[in-house]
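**Q** Okay, here's the prediction I keep looking at, along with the sequence it came from:
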Amino acid sequence: MADADDVRRLALALPHVAENESDGFDFRVAGKGFVWSYPERRPGKPRLIRTDIAVLYVGDEAEKQALLLGEPEVFFTTRGYDGCPLVMLRLAEVDVERLGDLVTDAWRMRAPER
């Protein structure tokens, strides 16, 4: 079972990563976000930063749909993310090794080639 501390450790171990100040976690490379805490929006209530859920950059709609359909207990999305190459990841549903692969893949897609 992974958690926010694991996200932070794994993300900061990658080259050229910066952490934005946040109520949760928010990591960028070359100014582009690749993993951050899920900002849950609830009708009539303030936004809630969920550190038990990570938003991951996945690159394209095909990858997004493959994750959502293949592992709905692990990955989900909301209408606010329709058309965006992003999925939400329930951290408690993955081990640290899998989380490391997911965070690294997201970083690779956002990091400059050099």
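**A** Yep, it's here.
**Q** so where's the protein uncertain?
**A** Counting by pLDDT under 70, the chain shows low-confidence ranges at 114.
**Q** for the protein, which helix is longest?
**A** Criterion DSSP state H: the longest helix present in the chain is helix 96-110.
**Q** Could I get the CA-only coordinates of that one as CSV?
**A** Only the C-alpha atoms of helix 96-110 are listed here, as CSV (Å, rounded to 0.1, in the frame of the first residue of the first chain):
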residue,chain,number,x,y,z
VAL,A,96,5.3,1.2,-3.8
GLU,A,97,7.0,-0.6,-6.8
ARG,A,98,3.9,-0.1,-9.0
LEU,A,99,3.6,3.5,-7.8
GLY,A,100,7.3,4.0,-8.8
ASP,A,101,6.6,2.8,-12.3
LEU,A,102,3.6,5.0,-12.7
VAL,A,103,5.3,8.1,-11.4
THR,A,104,8.4,7.5,-13.5
ASP,A,105,6.2,7.0,-16.6
ALA,A,106,4.4,10.2,-16.0
TRP,A,107,7.7,12.0,-15.5
ARG,A,108,9.1,10.6,-18.7
MET,A,109,6.2,11.9,-20.7
ARG,A,110,6.6,15.4,-19.3
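**Q** Tell me which residue lies farthest from the centre of the chain.
**A** Gly44 (25.3 Å; Cα atoms, centre = their mean).
**Q** Can you name the helix or strand that that one falls in?
**A** Using DSSP states H and E, Gly44 falls within no helix or strand.
**Q** Might you calculate how far the longest helix of the chain sits from the centre of the chain?
**A** A distance of 9 Å separates the centroid of the chain from that of helix 96-110, by Cα atoms, centre = their mean, to the nearest Å.
**Q** Over to stretch 82-101?
**A** 6 Å.
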